[in-house]
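Peer 1: Pasting the sequence and the predicted model now:
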Amino acid sequence: MVGLWSENDFLTIDRQQLKRQPEVIRQPLWCNALCTDLVPLPGYHPVSFPYFIAKTMRSLNLIDFREQKVHVLCETRDIPVDCYSYKKMCLTTSIDGRLKVIFVTSDANMQNTVVEEVVLGRYFMKALFSAVNGSQIQASSAVKVRE
């Protein structure tokens, strides 16, 4: 998986067939390039749990390799111009076991760098596991952003 810096989309490259054209997974938001981070979710497996989280210029995204889709989890402010580099996001868990995404972005005036966190809904991971296994459980859409 490659997040493109100068374009919106992501590429999947098969290491066993390097001469084959990479598959393109389209980013739904316009002008959302500058992928700084591409991190597998805890429990990642290419068949049984094929999900990554990506931080791009304007959003946090869930990448679903099975469906070849990018889902925007939440939109974020642009990264300040002095902050364009890698390692701007990490995954951790809250005390009650929910997945947290901590990332760097800018303040409202685009002058200062700030750290924000997104706590995903309690059933987010369970719903993803269920989706891969064919169940119809819906993920909680509650996303809480804190600065």
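Peer 2: Sure, I can see it. Numbers count the residues shown, from 1 in each chain.

Peer 1: Next, give phi and psi for residue 128.
Peer 2: phi -70, psi -40 (degrees, to the nearest 10).

Peer 1: for residue 9, same thing?
Peer 2: Torsion angles, degrees, to the nearest 10, at residue 9: phi -100, psi 170.

Peer 1: Tell me, how many residues neighbour it?
Peer 2: Neighbourhood size, residue 9 [other CB atoms under 10 Å]: 15. C-beta: built from backbone N, CA, C; applies to glycine.

Peer 1: What helices and strands are in contact with the helix or strand containing residue 73?
Peer 2: Element membership of residue 73 [criterion: DSSP states H and E] is strand 69-75. Judged by 3 or more CB pairs under 8 Å, 6 or more residues apart in numbering; DSSP states H and E, strand 69-75 is in contact with strand 59-64, strand 113-120, strand 143-146.

Peer 1: so which of those is the most packed in?
Peer 2: The highest mean neighbour count among the helices and strands packed on strand 69-75, using mean count of other CB atoms under 10 Å, belongs to strand 59-64: a mean of 21.

Peer 1: quick one on the thing from earlier: could you dump the helices and strands packed on strand 69-75 to CSV with distance to residue 105 and mean pLDDT?
Peer 2: As requested, the helices and strands packed on strand 69-75 are exported to CSV (distance: least, CB to CB, whole Å; pLDDT from 0 to 100):
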stretch, distance to residue 105, mean pLDDT
strand 59-64, 10, 88
strand 113-120, 6, 84
strand 143-146, 10, 49
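
Peer 1: Dump the ones you listed to TSV, plus distance to residue 107.
Peer 2: Formatted as TSV, these follow (distance: least, CB to CB, whole Å):
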stretch	distance to residue 107
strand 59-64	17
strand 113-120	5
strand 143-146	14
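
Peer 1: nearest to residue 45, of those strands?
Peer 2: Among the helices and strands packed on strand 69-75, strand 59-64 comes nearest to residue 45, with 13.3 Å by CB to CB.

Peer 1: Can you tell me the strand partners of the closest one and which way each runs?
Peer 2: Paired strands of strand 59-64, with direction, are strand 51-55 (antiparallel), strand 69-75 (antiparallel) (DSSP bridges).
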